[in-house]
Every structure is written in structure tokens, then in C-alpha cells.
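Participant: Sequence first, predicted coordinates after that:
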Amino acid sequence: MRAWLQTFGALLARDIRVLRRNFGQFLIRTIMQPLLFVFVFAYVFPKIGQGFHGLPNGVSFSTVLVPGLIAVAINFQGIQAVALPLVQEFSVSKEIEDRVLAPVPVWVVGFEKIFAGAVQSLMAAGVVFPIVYLVHAHGEAPVVHVSDPALFAVVLVFACFLAAAMGLFIGTVLDPRKVTLLFAVVVLPLTFLGCIYYPWATLTPILWLKVLVLFNPMVYMSEGLRTSLTPDLPHMPVWAFMFALVGGSIGLGIFSLQTFRRRVVT
Amino acid sequence: MGDAPIRTEQLRKVYGTLVAVDGLDLEVRRGEFFGLLGPNGAGKSTTIGMLTTTVFPTGGRALVSGLDVSRHAADVKRQIGVVSQANTLDRALTVWENLYYHGRFFGVPRPRARARADELLEQFSLTERADSMVFQLSGGLAQRLMLARALVHEPQVLFLDEPTSGIDPQTRINLWRILEDLNRAGQTTLLTTHYMEEADVLCERIAVIDRGKALAVDTPAELKRRYGAETVITLTLEGDPTPLAERAERLDAVRSVERDHQIVRVRASRSEGVLVQLVQEAAALGLTVRDASSLPPSLETVFLNLTGREYRE
């Protein structure tokens, strides 16, 4: 067990080394989307007086966006940080053949990838928060207050693990020739139908959509963060998103590790 | 531990209806350079996959340093170093980092991992490239780095899966030298190859594998002796070769004689001296020898005799 932890630590140290080397890339791919988003919707739109005035009860759109865009950053980073290198390792570079020879059970190698992905997701959340909090037009400042720090911490951690577990699963099953579809088929629908730009509770007028989006793991990330950061907005019950985030992380985590093992040990 | 570094007992691997490895029994001794020789698809890589824990056996047992590969995979991995067919170097790291982090994965303490990385770069003449990213390395250098990486944690057994396929002849010979040196220093090594010459040059013992079965296991010399591999001597004469053919049949080392126009082909049980004897006999008979050649026994002839099929590399 001690030896396993040692190897786990070394695998993580390797990933951190690579992340440090590519930190510029990490920042660019993390910052661009949310920065442009808040710039257009929380600065440009209010300035030019175009549509978008948030919720009917006077809550600004920027307030809705803060938890949503953090959820996007977590999800996008978790999937990308794990899945894209893994697809390469399986196909082009074959690096995975060597990595699974590290002296630990194969699931430990997979779990380290989830862990490293979750760490990057968390970093992405940290990078994105000041941007979505600070970039807005005058008078459009988001109203954010964390009333339950413990809930916030748990939501954050499990959201990151869920995203990284999705990354491991996608990276293990995705055909490298179809990697360009990842964005169109997985990331975009997850994002646009992930209660990023609207709270889940406000979907009642479109009941079929309100039910359908429950299959989207992103919904629970957004709603969990919305409850933690902007508790005054309508949100899903705590038990519902906690069940999905914790259960989903563990369930998908185990399933993706089994899939990973089946792929590398034939 | 008095256990053999590698032992397999009735080892089997079946993929659907394809029997890749079919009841393989092997034993590799400590310090030995052992070869699995056979054509593509013979089951060599599957066997190495099972021994290195990335292929799960369907039946039988495989033990590395006495540990069952199916039940103690993580412990087995600690005992072994693997150079696979494909380039599996870490493209996101430098040459030096590939060695350092590999050592760390295997629990080598930081200062020791650093020292090992420096040492191996020196030993494999890669010091100048220490800070290069690995995708900048040529095929031969990448191969050398893979071998260096497999040695960082000082494994009990070194596995090499077709290490020289697709490598130019000069690089291949350099790699052979390195492997011979390692073995001389006591490194137990298992190599798979479909190059006859490679198995012959490097291996102390060879298992000839075909269709998932070991057809014979022995030293290259003994395989050649036992499986009817004979030296083939060919003489081309001016004039009628019949008298020479008749005399050749009476020489003690000669097993068979064929005549074809002006050519006499003799199969002999030894390669030394027979050619000279034949040339002298021809001179005594007043025959002029236009051409003479002697082909010593090779693993190609062994394979031919064991399988009844010609070896295709």
C-alpha cells in the first residue's frame, strides 16, 4: 500500500511537471471561453442595451453566470485534461503501454489520471472565478455569497472528480479518428443544456426539457455551485445534486476504471 | 529466492477462436539470455504480454521471480523491465525526465533516481541529448533510451519484444553489443525476435515457437546439431563430376551427395575440413574446381526441419 502511494505520488509529480511546462496553454484554454462569454453577455449586452436582463425578479444575468461558467470550466477542463492525452497515449504514442507497467494495479494508474484531471479542474475553477466575478458592465455586478462553505467545498471536489471521471471514460472509449467530434457531440450539448445560463428551477415552462436535462451530469455541477455561491437564486434541492455528484463520481469513477482496465489488459 | 526468473506451465491464451499461445512450458535461468524465435503471429508477443502482466492468461500459469503474474501483477511489474515493440517514450518529457520519472514510478528515491538517470545517459551515450524532448530523437536513439529506461530500477528480468525490428543494420549491431554487455554483467534477459541471426548471435538458449507452441528449446548450436541442420558444400567442376561424387560418399563426415550437371552438393555433419578434403580429392582426380562454397547450419534450416515449412522473416 505504501509502495502504491509512492508510485501514485510519482505519477502525479510527472503530470504536474508536464502541466508546469504547458501552463500557458492551460491558462489560455481555461480562460478564453468564460472571459469572452462574460465580456459579451455581462459587459457588451448591458452597455448596448440589448436583451438579457437576467431573471424576472431583477437578478442580473452575471449572477446566473458565475456558478454556471465555473461549472463549465470544471467540466471542460476535467474532460479535456484526461481524455485528450489519453486518446493520444492509446493510439499515436502508445505511451500507455509503458505507463501501465508502473508497479501498481492498473486501476491505480487510471485513478491517478482522474485525480490529476480533478486537480486541473479545480485550478480551472480558481482561475475562472475572478474573471466571471469581475468582468461586467457598471451596475451589473454579480451577487455572490457563500453561506455554507462546507457544502461549497464538497460540491467543488465532487464536481471536479465527476468531470475527470467522464474524461477517463471518454478517453478510454473514444476512437482517435473521431476526437474532433468530442467537442460537438459531448462538450457542447453538455454545456448548452447544462443549466449554465439559466437555473434548473426556471425551466418549468418547458417541462420536457426540465426532465431531459436531468440526464446531463453538468446540471448537477451548475446547480450545486449555484446553491453554494448564489443561494438566493432558485435552485435544485441539495439532496438531489449531492446524490448525483457523489453517486455519479463514485459510480462513473468505478465504471471508467473498469473500462480502462479492460482496454489495457487484454 | 531460488525461483527461476521465468517459468511458464501449460500457459495458454485464447482470443475468441484464435489460440495464440497453446500450452507453453518454459523455464529461463538466472543470468540467462533467452530467446523466443518464431515468425510473425507465432505467439511471441502474446507470451511476453502475459509475462509482463498486460495480457491475462486463459489457462496455465506464468511465474516471474516465483510470483504468479495473474495474482501478483503489481509485484511482478516491480521485478521487470520492458522494452516494447512500439516507441512508448513519454512525449511530454525530456530524455532525462523519461529516466528520472520512470525511476520514481518504481520507488527509486529522488537522489538515486537522478544519479541513475545521469549514469544511464552516460552509459548509452545519450548525455548530450539529456534535455531534448523525446520526439526529436531518431529511431535508434529512441530505442536506446527505451532500453535505458527499462533498466533504471534495476529489474530482475529484462524483456525485449522485437527490439530491432525496423531499425537499420548498424543500429541493430550497436544494440546487440549493449545487450551482450548487460547480459555479461548478469542481466537475465528474454528476447523475442523473428530474426534468425539475432537469436543466433545473442541467445544462450532459444525456444522455437510456432502457432503458439514451443517446438524445441535448446542452445543455438545444439538446435542446429539435433534438428538435422547440416553444412551444405557445393562444388562446381569442369568436366564430369561422377568420380568426385563417388569419392565424396566415402568421407566420414558426409551424409549425402547430390549431382547436378557439373555441380556436386554435399551435406556434411561438420563444417570444418570437409571442403578442403573435397578440393584435394578433385585435384587428385585431375578435375578443375571452378567454384566452391560452404554454408554452415543455421536456424533457418532448424526451423525448416521442425515445422516442415520454410521460415519467412
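Facilitator: It's in. Residues are numbered from 1 along each chain as shown, chains lettered A, B, ... in the order given.

Participant: helix/strand/coil for the residue sitting nearest the centre point of chain A?
Facilitator: Nearest to the mean C-alpha position of chain A, by CA atoms, centre = their mean, lies A:N75 at 1.6 Å. For A:N75, the assignment made with DSSP: H, G, I helix; E, B strand; the rest coil gives helix.

Participant: That one and chain B: what is the separation?
Facilitator: Counting by CB to the nearest CB, to the nearest Å, the gap between A:N75 and chain B amounts to 23 Å. Where C-beta positions appear, they are placed from N, C-alpha and C, glycine not excepted.

Participant: and that residue, what is it in contact with?
Facilitator: Going by CB atoms under 8 Å, 6 or more residues apart in numbering or on different chains, A:N75 touches A:121, A:159, A:163, A:166, A:187, A:190-191, A:194, A:217-218, A:221.

Participant: give me phi/psi at B:Q277?
Facilitator: Per-residue torsions, B:Q277: phi -60, psi -50 (degrees, to the nearest 10).

Participant: That one contacts B:R250, doesn't it?
Facilitator: No - if you go by CB atoms under 8 Å, B:Q277 and B:R250 don't touch, sitting 10.7 Å apart.

Participant: Between the two, point out the one with more neighbours.
Facilitator: B:Q277 (18 against 9; other CB atoms under 10 Å in any protein chain shown).

Participant: Let me see the ranges of the strands in chain A.
Facilitator: Per DSSP state E, chain A carries no strands over any range.

Participant: can you list the residues of it near chain B?
Facilitator: A:3-4, A:6-7, A:10-11, A:13-14, A:17-18, A:21-22, A:85, A:88, A:93-98, A:100-106, A:264-266 (CB under 8 Å from any CB of the partner chain).

Participant: Buried ones only from those, please, as a ChimeraX command.
Facilitator: In ChimeraX, this line selects whichever of the residues of chain A next to chain B come out buried by 16 or more other CB atoms under 10 Å in any protein chain shown:
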select /A:6,7,10,11,14,17,18,85,88,93,94,95,96,97,98,100,101,102,103,104,105,106,264
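
Participant: Among the residues of chain A next to chain B, which ones are in helices?
Facilitator: Among the residues of chain A next to chain B, the members falling in helices are A:3-4, A:6-7, A:10-11, A:13-14, A:17-18, A:21, A:85, A:88, A:95-98, A:106, A:264 (criterion: DSSP state H).

Participant: ok, back up a step: now, which of the contacts of A:N75 sits nearest chain B?
Facilitator: A:S121 (19.1 Å; CB to the nearest CB).

Participant: what about the chain, any weak spots by pLDDT?
Facilitator: Chain wasn't specified; assuming chain A. Within chain A, the stretches with pLDDT under 70 are A:51-54, A:56.

Participant: that's the other chain; I wanted chain B
Facilitator: B:1-2, B:228-229, B:304-305, B:308-313.

Participant: Give me the three-state assignment for the spatially most central residue of it.
Facilitator: When CA atoms, centre = their mean is applied to chain B, the residue found nearest the centroid is B:A199 (2.9 Å). Secondary structure state of B:A199, per three-state DSSP, is helix.

Participant: For it, give its distance to A:V173.
Facilitator: 39 Å (CB to CB, to the nearest Å).

Participant: now swap in A:L19 and tell me
Facilitator: 24 Å.

Participant: Among the two, which residue is more densely surrounded?
Facilitator: Neighbour totals were compared for A:L19 and A:V173, and A:L19 leads with 17 against 14 (other CB under 10 Å).

Participant: tell me the contacts of the nearest residue to the more buried one once chain neighbours are set aside?
Facilitator: Leaving aside its chain neighbours, A:L19 sits nearest to A:F26 (6.2 Å; criterion: CB to CB, 6 or more residues apart in numbering or on different chains). Residues near A:F26 by CB under 8 Å, 6+ apart: A:19, A:120, A:123.

Participant: Repeat that for B:T58.
Facilitator: Counted by CB under 8 Å, 6+ apart, B:T58 has contacts B:12-14.

Participant: quick check, B:L36 in a strand?
Facilitator: Yes - under three-state DSSP, B:L36 falls within a strand.

Participant: hang on, A:G194 packs against A:F215?
Facilitator: No - counting by CB under 8 Å, A:G194 does not reach A:F215; the two are 10.9 Å apart.

Participant: more neighbours, the two?
Facilitator: When A:G194 is set against A:F215 and neighbours are counted by other CB under 10 Å, the residue ahead is A:G194, at 25 against 8.

Participant: how much space between the nearest residue to that one once chain neighbours are set aside and A:I170?
Facilitator: In this structure, A:G194 finds its nearest non-sequential neighbour in A:M218, 3.0 Å apart by CB to CB, 6+ apart. Separation of A:M218 from A:I170 (CB to CB): 14 Å.

Participant: Among these two, which residue is more densely surrounded?
Facilitator: Using other CB under 10 Å, the more surrounded residue of A:M218 and A:I170 is A:M218, with 27 against 21.

Participant: which bits of chain B sit near chain A?
Facilitator: B:15, B:49, B:52-56, B:73-75, B:77-78, B:80, B:82, B:84, B:86-93, B:97, B:101, B:104-107, B:149.

Participant: Among those residues, name the buried ones.
Facilitator: Here, 16+ other CB under 10 Å leaves B:49, B:52-55, B:73-75, B:77-78, B:80, B:82, B:84, B:87-93, B:97, B:101, B:104-107, B:149 buried among these.

Participant: out of everything not next to it in sequence, what's closest to A:V154?
Facilitator: A:M242 (7.5 Å).

Participant: Now do the residue lying closest to B:L121 once chain neighbours are set aside against chain A, distance only.
Facilitator: Nearest residue to B:L121, sequence neighbours excluded (CB to CB, 6+ apart): B:T127, at 4.6 Å. According to CB to the nearest CB, B:T127 and chain A sit 21 Å apart.

Participant: Which residue ranges of the stretch 1-150 of chain B form helices?
Facilitator: Taking DSSP state H, counting those that start in this stretch as the test, the helices found in the stretch 1-150 of chain B are B:44-51, B:73-79, B:95-105, B:110-123, B:139-151.
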